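Peer 1: After the sequence you'll find the predicted model.
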Amino acid sequence: MPPFDLILITDEGPELLTRLTRALSAVPARRVAVQLRVRQSSTRAMLELAQQLRTLTRSLESTLLINERIDVALAVEADGVQLPEAGLPVEVARKLLGSQRWVGVSRHDLKGLFEAARQGADYATLSPIHEVEGKGAALGISGFARTIAAARLPVYALGGVRAVDVAELRQSGARGVAVIREVLSAPDPALATSELLALLDDGGLT
C-alpha cells in the first residue's frame, strides 16, 4: 500500500519549486507524493527538473514519481513511475525498475483497473471525477464510488478534484486524491495541502 495520501502533479507555471517547497514543508513526511509531468520538454530539461525535485523530495521525506519516463526515473533514483493507459506495460516497468519502486497507472474505467491489478500495479488513479477538457465523460463522485467498489488495488481520485469533494471521495473508498491546481494555484500552497490532508483524515473517520 502506498504511504502517500495526496499526489501533487506538477504544472508548468512559474516558480514550481518554490510552490512545491511551500506545499511539502507544511505536512508530515511521506504523506504527499510529487508526480513530475511535463507536456513539452526536452529530455535534458526534464532530467534537470527531475534532479531538482529529487533533492527537494528527499530533504522533505516525500515520494517522487516520474510520469512515464522510466529512464529519467532511474537516472534520478526516483521512488517510482506513473504510467499512462497506453504507455509501457506494468510488467515491463517492474522488470526495469525492480520491486522496491512504485508503479502506478492512470485508468478511466473498471476494466482498466482490473487489468492494472492483474499486471501487478501498486496503485491507480481513476479519472476524471469532474469534467476536464479532453479527458472524456466525468465519472462524478457516485460514479467513482461504483467503479472502485470491485477494484483490487488502491485507487486515487483524479480530474478536477476540489477540496469540497475530498472527504466524500475518501468515504467512497478512495486511497487518496491527485491534484494540480487545487494546491499549486492556491494563494497559500502550504495551507491548501494541509487542508486537503485534514479532509482526507476526516473522510476516513466518518
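Peer 2: That came in fine, so what should we check first? Everything numeric here is computed off the predicted structure, so don't read it as measured data. Numbering: from 1, shown residues only.
Peer 1: looking at the protein, which helix or strand does the model trust least?
Peer 2: Within the chain, no helix or strand scores below helix 189-205, which has a mean of 91 by mean pLDDT, DSSP states H and E.
Peer 1: show me where the chain has strands.
Peer 2: Under the criterion DSSP state E, strands of the chain are mapped to 6-9, 32-36, 63-67, 80-83, 102-107, 123-126, 155-158, 176-179.
Peer 1: Indicate which one of those strands is closest to residue 49.
Peer 2: Comparison of the strands of the chain against residue 49 by Cβ to Cβ identifies strand 32-36 as nearest, at 6.7 Å. The way it works is simple: take the backbone N, C-alpha and C, and place the C-beta from them, glycine included.
Peer 1: That closest one: how far from the chain's middle?
Peer 2: Averaging C-alpha positions (Cα atoms, centre = their mean, to the nearest Å) puts strand 32-36 6 Å from its chain's average.
Peer 1: now stretch 20-35
Peer 2: With Cα atoms, centre = their mean, you get 12 Å for stretch 20-35.
Peer 1: and that stretch, C-alpha only, in PDB?
Peer 2: Provided in PDB are the C-alpha atoms of stretch 20-35 (Å, rounded to 0.1, in the frame of the first residue of the first chain):
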ATOM      1  CA  LEU A  20       6.200  22.800  -4.100                       C
ATOM      2  CA  THR A  21       8.600  23.600  -1.300                       C
ATOM      3  CA  ARG A  22       5.900  25.500   0.500                       C
ATOM      4  CA  ALA A  23       3.400  22.700   0.000                       C
ATOM      5  CA  LEU A  24       5.600  19.900   1.200                       C
ATOM      6  CA  SER A  25       7.200  21.700   4.100                       C
ATOM      7  CA  ALA A  26       3.900  22.100   6.000                       C
ATOM      8  CA  VAL A  27       2.900  18.400   6.100                       C
ATOM      9  CA  PRO A  28       4.100  15.200   7.800                       C
ATOM     10  CA  ALA A  29       6.800  13.100   6.000                       C
ATOM     11  CA  ARG A  30       5.700  10.600   3.400                       C
ATOM     12  CA  ARG A  31       2.000  11.700   3.200                       C
ATOM     13  CA  VAL A  32       2.500  13.500  -0.100                       C
ATOM     14  CA  ALA A  33       3.900  12.400  -3.400                       C
ATOM     15  CA  VAL A  34       5.100  14.700  -6.200                       C
ATOM     16  CA  GLN A  35       4.400  13.400  -9.700                       C
END
